[in-house]
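K.L.:
Sequence plus predicted model, see below.
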Amino acid sequence: MSDSDAWAKACAEDLEAEKARRRAAAGAEPGSAAEEFRKLFDAVADKVSTLRNPLMGMAAQSTLQQFVTQAKAAVEPVIERNPQVFDHLAAAGNELLAAYRSAVEGHETRWTRDEPQDPRRDEPRQEPRRDDEGPGGGQHIDLD
């Protein structure tokens, strides 16, 4: 084995060891979107079941617990039959978030520079020069 092969192998081993160390430090890796949704729903259900608010009567607490139980019973079969749906919903949510960020970043840039929000609307309209007229006879068509 050449020196470059040994070096590449050692680097790859070090990289794998570092990845394993970080995984162990971070805990379990997140599961699929369906598994994570189930965990979230279970955590919310557990939290709701432990709520003891003196302002809510026993009837209200019982009704809330019944609602959570029914919701869980309705959601669980959907998760079991269609786990890929939650992956698609998670991906769609990420795409929507990226689109929102893109739209907001442009506005933030203009706001921080005190630029007009829509520079096209704040500029005076420039009429075409006479020597630029074509066969249309000088009629300006606004494409905005």
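P.N.:
Nice, thanks for sending it over.
K.L.:
In the chain, which residue is most central in space?
P.N.:
Centroid-nearest residue in the chain, with C-alpha atoms, centre = their mean: residue 94, separated by 3.2 Å.
K.L.:
lowest average confidence, helix or strand, in this structure?
P.N.:
Among the helices and strands of the chain, helix 119-122 carries the lowest confidence by mean pLDDT, DSSP states H and E, at a mean of 55.
K.L.:
Check which residues of the strand or helix carrying residue 98 are buried.
P.N.:
Element membership of residue 98 [criterion: DSSP states H and E] is helix 83-112. Residues of helix 83-112 classed as buried by neighbour count (16 or more other C-beta atoms under 10 Å): 83, 86. C-beta here means a position set from N, CA and C on the backbone, and glycine is covered the same way.
K.L.:
got it, and stretch 18-33?
P.N.:
By neighbour count on 16+ other C-beta under 10 Å, the buried set for stretch 18-33 is residue 33.
K.L.:
What degree of burial does residue 64 show, as a neighbour count?
P.N.:
Residue 64 has 15 neighbours, counted by other C-beta atoms under 10 Å.
K.L.:
circling back: show me what the helix holding residue 98 packs onto, helices and strands only.
P.N.:
helix 33-50 (3 or more C-beta pairs under 8 Å, 6 or more residues apart in numbering; DSSP states H and E).
K.L.:
which of the residues in the helix it packs on are buried?
P.N.:
For helix 33-50, the neighbour count (16+ other C-beta under 10 Å) marks 33-34, 37-38, 41, 45 as buried.
K.L.:
Just send these back as JSON lines, with pLDDT and distance to residue 62 too.
P.N.:
Shown next, in JSON lines, are the buried residues of helix 33-50 (pLDDT from 0 to 100; distance: C-beta to C-beta, whole Å):
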{"residue": "33", "pLDDT": "81", "distance to residue 62": "32"}
{"residue": "34", "pLDDT": "82", "distance to residue 62": "30"}
{"residue": "37", "pLDDT": "81", "distance to residue 62": "26"}
{"residue": "38", "pLDDT": "83", "distance to residue 62": "24"}
{"residue": "41", "pLDDT": "80", "distance to residue 62": "20"}
{"residue": "45", "pLDDT": "80", "distance to residue 62": "15"}
